[in-house]
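1. heads up, no residue letters with this:
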């Protein structure tokens, strides 16, 4: 976080962080705290300290998880799966250096509306709809009904009291 004074009564706040530092929920928690503290300062009050649940509570919870049980669960779920799910001609080529590539596109508003209508019709989110389509694409290209792919999700264990006020997951 950096604050720049543009003139006597105008400040500019720049907040930058890597996505691995906190999930989307954390940003809301921190922004709420920022604005509450800002309003307190404007009103001449001392800002509150330590309003959220400490991240160390999550680390303690994580340390108590049964890794063997988790490994057993996934081993059972993936038992018998042999074939990697790939697209033809898309096997990664090992390189000694990282090459950054970017692809940009814009979707037509009508298409976006139709996608959202389809998701709503089937009572799923847009991302869930795309995951289903991706699974079908992999199934067709790999000539199998047994497809595995992964996705990163943010999740907060409900077993931790006050987890909704924690930043940093």
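-> Perfect, thanks for sending it. Model, not experiment: these values are computed from the prediction.
2. now stretch 138-146, how far from the chain's geometric center?
-> 27 Å (Cα atoms, centre = their mean, to the nearest Å).
3. Output the below-cut-off pLDDT ranges for the chain.
-> 50, 90-92 (pLDDT under 70).
4. all strands for it, in order.
-> Defined through DSSP state E, the strands belonging to the chain, from first to last, are 2-7, 10-14.
5. Reformat those strands as CSV; add mean neighbour count.
-> (C-beta placed from N, C-alpha, C; glycine too.) Output for the strands of the chain, formatted as CSV (neighbours: other Cβ atoms under 10 Å):
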stretch, mean neighbour count
strand 2-7, 8
strand 10-14, 9
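6. could I get these as CSV with distance to residue 21?
-> Converted to CSV, those look like this (distance: least, Cβ to Cβ, whole Å):
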stretch, distance to residue 21
strand 2-7, 16
strand 10-14, 16
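7. Let me know which of the ones you listed is the nearest to residue 82.
-> Evaluated with Cβ to Cβ, the strands of the chain place strand 10-14 nearest to residue 82, the distance being 49.7 Å.
8. Let me know which of the strands of the chain is the nearest to residue 31.
-> Using Cβ to Cβ as the measure, strand 10-14 is the one of the strands of the chain that comes nearest residue 31, at 11.0 Å.
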